[in-house]
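> got a sequence here, can you model it:
(chains A and B)
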Amino acid sequence: MAVAAAVRAADSDPEPQRPARGGQQGGLGRFIGYRLVAGLGTLVFVLLFNFFLFRMLPGDPAARYRAVKSISPADLAKIRDELTAPLPQQFVAYLKDPLALDGISSWKGQPVWDLVQGRAWPTLVLLGATTIVAVVIGVWIGIKAGWNRGSRFDKVSTAVTLLFYATPEFWLGLLLILLFSTGIGFFPGIFPSGGVIDSGIDPLSFEGITSIADHTVLPAVALAAVYLAEYSLIMRASMVDELGQDYLMTARAKGMMDHMVRRRHAVPNASLPTITLIFLNIGFIIGGAITVETVFSYPGLGLLTFEAVSEQDYVLMQALFLVFTMSVIVFNIIADIVIAVIDPRIRT
Amino acid sequence: MSDVAALELRDVHVTYRTREGPVPAVRGVDLSVFAGEVVGVAGESGCGKSTIVSTILRLFPASATVTGEVLLDGENVLTMRWGRMRAVRWGVASVVFQGALHSLNPIQRIGTQLVEPIFLHDKLATDNSAATKVRTLLEQVGLPARHADAYPHQLSGGQKQRVMIALALACDPQVLICDEPTTALDVMVQAQILELLIGIARERSMAMLLISHDLSVLGTSCDRVAVMYAGRIIEHGPARAVFDWPEHPYTRALSSAFPTIGDAASRYAPSGLPGDPPFPGDLPSGCPFHPRCPSALPVCPTVDVKLLPAGPGRTAACVLVDQSVPTR
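Here you go, the predicted model:
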């Protein structure tokens, strides 16, 4: 024991970092600040990228404005002049209004941001419904299947979710329209197959809300099925990784019940990858519901994108691209912050 | 010392069901630890010593079949109802796990993890009493109380193992099981942690089971030592005597595998054993140690020797034992 005593006197057990409450919060604040700055940098890059992207696209943007009645031949000539000016000059003009705030749609002849605004809320409704359903059910299945790996529930749910994960959402949408909108055999055609609300109803009235729900069910199911599958598969994989963790053995040895070990120790750790994925997907769904919105003629941003591309409405596309980029950047930042709040290892 | 052992294993067998067939990891172990006593278990990897730990709190996987009796204060753990089992876990016996680096939840504060068993086992605990207890526990293991606010990744390996010890003491158990508590720590810290553990066990008159592969450590710090090979105890007796005058050839090899501090000669003559420990699913006939034994006799592959008396308070499972009359 003399050796041990000498060793203790030498105190070879160093303190790598001095933990303190204040330091923790400061770490998180600094982390958020850093992420915001990085996000802003990405946005600037995207704005520059958009300038060149739209100048590489084919077609005659000015010609599209001929269909717009309100535009005078003089204005049309001006637009053409702007578009044929040397690139540096165009770039200066672009920098004056990179967000296309004054942009007029060549397809509708309206300010583009009015169009985007009018189409944003259906997409948000669809996104909200999809995300809630997919997250709640997907994560629940993933937890249950991963925790009881090899059980019958695990085998069945993994097979089903893999099937859904491999299914294209627009194809599922077509199937849903056939079964529940058109109706075939004993399947009732009870849901509408287009639009977001019956015409002439106030969206904020009770009738309006039920009508919106009616129109949103099928596209939401089509989207949710795919995302639910993704969440449950990722959550299951993370839970399986957790099963072998030493701290779960510690928790069990403490005398905790199985469901407490799962809820307090396994799920919080296992949820980190899924949380990242959920927020990234929210950012993508805002722009990525193009196929589902098109199949269901659901008048959201996805359908608007489809229309803008069909009509070669470059100004509208520019605004939509900006919305999609912003949503991806913003939700990326949110994902990083949420993860940093949960996992202390990230923020130090 | 009461006559009922705080921890007693009676003819414990553990068999794992695997795809390749049943694997007997523990084959009939008898061992008892009384209050105030530190008992060491030594052996190579795969000899079944960690499997024994898993039987004490019934933490073995579903693929394991356990027979025999594991008695905690006279109560058989293996036949307990689950509610009682959960109360016994950490309340009567607690474990300092090996691999301190991963035994703490990385995203919870130290304090949160220390408080958890207190609330679980003491229904009368309040936030205040639990916080006081956490402070006391941390101070007992030589950590400042402010470490309760730290996360595991902010602590060094030695500090984490101190937290694990504090955690094991949280509910004032009678039995402390230490499963290679100093693995993955550097040598200087190992000595500190071991001294701390033994000091606490002696001070509180706990029954302590110390599992290690390092017989020299056990020899100097335990009261009694059991040496395991291929799922069985092959030598058992007072720690100092077993370490200094091993009876079983395996113990002899184990005790000379580590250089003796202060004996320069032993550092230049490191002696190990040829070969690997046998796979528990495919043990050699007779004495399972005979293929590696430096003093094997022709009878060894045919005779499976049980533990034989080998001096005062000592037993050993070797045909050579009855020939070497204990004179010391």
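
> tell me where the stretch 151-300 of chain B has strands.
Here the stretch 151-300 of chain B has its strands, by DSSP state E, counting those that start in this stretch, at B:175-179, B:207-212, B:224-229, B:232-238.

> could you point out which element follows the helix or strand of chain A with the lowest mean pLDDT?
Within chain A, no helix or strand scores below helix A:2-10, which has a mean of 40 by mean pLDDT, DSSP states H and E. Scanning forward in sequence from helix A:2-10 by DSSP states H and E, the next helix or strand is helix A:21-56.

> for that following helix, packing partners?
Packing contacts for helix A:21-56, counted by 3 or more Cβ pairs under 8 Å, 6 or more residues apart in numbering or on different chains; DSSP states H and E, involve helix A:87-96, helix A:314-342. For every residue, glycine as well, the C-beta is placed using N, CA and C.

> about what we covered before: need the strands of the stretch 151-300 of chain B in a markdown table (columns: mean neighbour count, distance to chain A and mean pLDDT).
Shown next, in a markdown table, are the strands of the stretch 151-300 of chain B (neighbours: other Cβ atoms under 10 Å in any protein chain shown; distance: least, Cβ to the nearest Cβ, whole Å; pLDDT from 0 to 100):
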| stretch | mean neighbour count | distance to chain A | mean pLDDT |
| --- | --- | --- | --- |
| strand B:175-179 | 25 | 9 | 94 |
| strand B:207-212 | 26 | 14 | 94 |
| strand B:224-229 | 26 | 17 | 94 |
| strand B:232-238 | 24 | 18 | 94 |
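
> ok, the closest residue to chain A within the stretch 101-250 of chain B to B:Lys133 distance?
Here the stretch 101-250 of chain B gets closest to chain A at one residue, B:Ala150, 3.5 Å apart by Cβ to the nearest Cβ. As for B:Ala150, its distance to B:Lys133 is 17 Å (criterion: Cβ to Cβ, to the nearest Å).

> neighbour count: those two, which is higher?
Neighbour totals were compared for B:Ala150 and B:Lys133, and B:Ala150 leads with 24 against 20 (other Cβ atoms under 10 Å in any protein chain shown).

> could you list the low-confidence segments of the chain?
All of this refers to chain A. Scanning chain A for pLDDT under 70 picks out A:1-26, A:66-70, A:288, A:348.

> I was after chain B.
Along chain B, segments meeting pLDDT under 70 span B:1-2, B:99-100, B:257-272, B:322-328.

> quick check: bridge partners of the residue nearest to the spatial centre of it?
The residue lying closest to the centre of chain B (Cα atoms, centre = their mean) is B:Ile211, at 2.3 Å. The residues paired with B:Ile211 through beta bridges, assigned by DSSP bridges, are B:Val41, B:Asp179.

> quick one on the thing from earlier: which of the strands of the stretch 151-300 of chain B sits closest to B:Val319?
When those are ranked by distance to B:Val319, counting by Cβ to Cβ, first place goes to strand B:232-238 at 12.0 Å.

> partner strands of that closest one, parallel or antiparallel?
Within its sheet, and counting by DSSP bridges, strand B:232-238 is paired with strand B:224-229 (antiparallel), strand B:315-316 (antiparallel).

> now tabulate these in JSON lines and tack on distance to A:Leu272.
Converted to JSON lines, the strands paired with strand B:232-238 look like this (distance: least, Cβ to Cβ, whole Å):
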{"stretch": "strand B:224-229", "distance to A:Leu272": "40"}
{"stretch": "strand B:315-316", "distance to A:Leu272": "52"}
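
> tell me which of these lies nearest to B:Pro294.
The nearest among the strands paired with strand B:232-238, by Cβ to Cβ, is strand B:224-229 at 14.2 Å.

> just the C-alphas of the closest one, formatted as CSV.
Once non-C-alpha atoms are left out, strand B:224-229 reads as follows in CSV (Å, rounded to 0.1, in the frame of the first residue of the first chain):
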residue,chain,number,x,y,z
ARG,B,224,-9.2,-14.8,0.3
VAL,B,225,-8.6,-15.6,-3.3
ALA,B,226,-10.2,-18.0,-5.7
VAL,B,227,-8.5,-18.8,-9.0
MET,B,228,-10.7,-19.9,-11.9
TYR,B,229,-9.9,-21.9,-14.9
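
> what lies in contact with it?
Contact partners of strand B:224-229, identified using Cβ atoms under 8 Å, 6 or more residues apart in numbering or on different chains, comprise B:29, B:31, B:37, B:39-44, B:47-49, B:215, B:218-219, B:233-239, B:242-243, B:248, B:250-251, B:254, B:277, B:288-289, B:313.

> from the residues you listed, list the buried ones, please.
Neighbour-count burial within the contacts of strand B:224-229 applies to B:29, B:31, B:37, B:39-44, B:47-49, B:215, B:218-219, B:233-239, B:242-243, B:248, B:250-251, B:254, B:277, B:288-289; the criterion is 16 or more other Cβ atoms under 10 Å in any protein chain shown.

> what about the strand or helix carrying B:Gly83, near chain A?
Counting by DSSP H and E, the element that carries B:Gly83 is helix B:82-88. Yes - contact of helix B:82-88 with chain A is found when judged by Cβ under 8 Å from any Cβ of the partner chain, involving B:Met85, B:Arg86, B:Ala87, B:Val88.

> show me what the very next helix or strand once past that helix is packed against.
The element immediately downstream of helix B:82-88 (helix or strand, assigned by DSSP H and E) is strand B:93-96. If contacts are counted by 3+ Cβ pairs under 8 Å, 6+ apart, strand B:93-96 sits against helix B:49-56, helix B:157-169, strand B:175-179.

> how about a cut-off of 7 Å?
Secondary-structure packing of strand B:93-96 (3 or more Cβ pairs under 7 Å, 6 or more residues apart in numbering or on different chains; DSSP states H and E): helix B:157-169, strand B:175-179.

> in TSV, list those along with distance to A:Asp75.
Formatted as TSV, the entries for the helices and strands packed on strand B:93-96 read as follows, by distance: least, Cβ to Cβ, whole Å:
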stretch	distance to A:Asp75
helix B:157-169	72
strand B:175-179	82
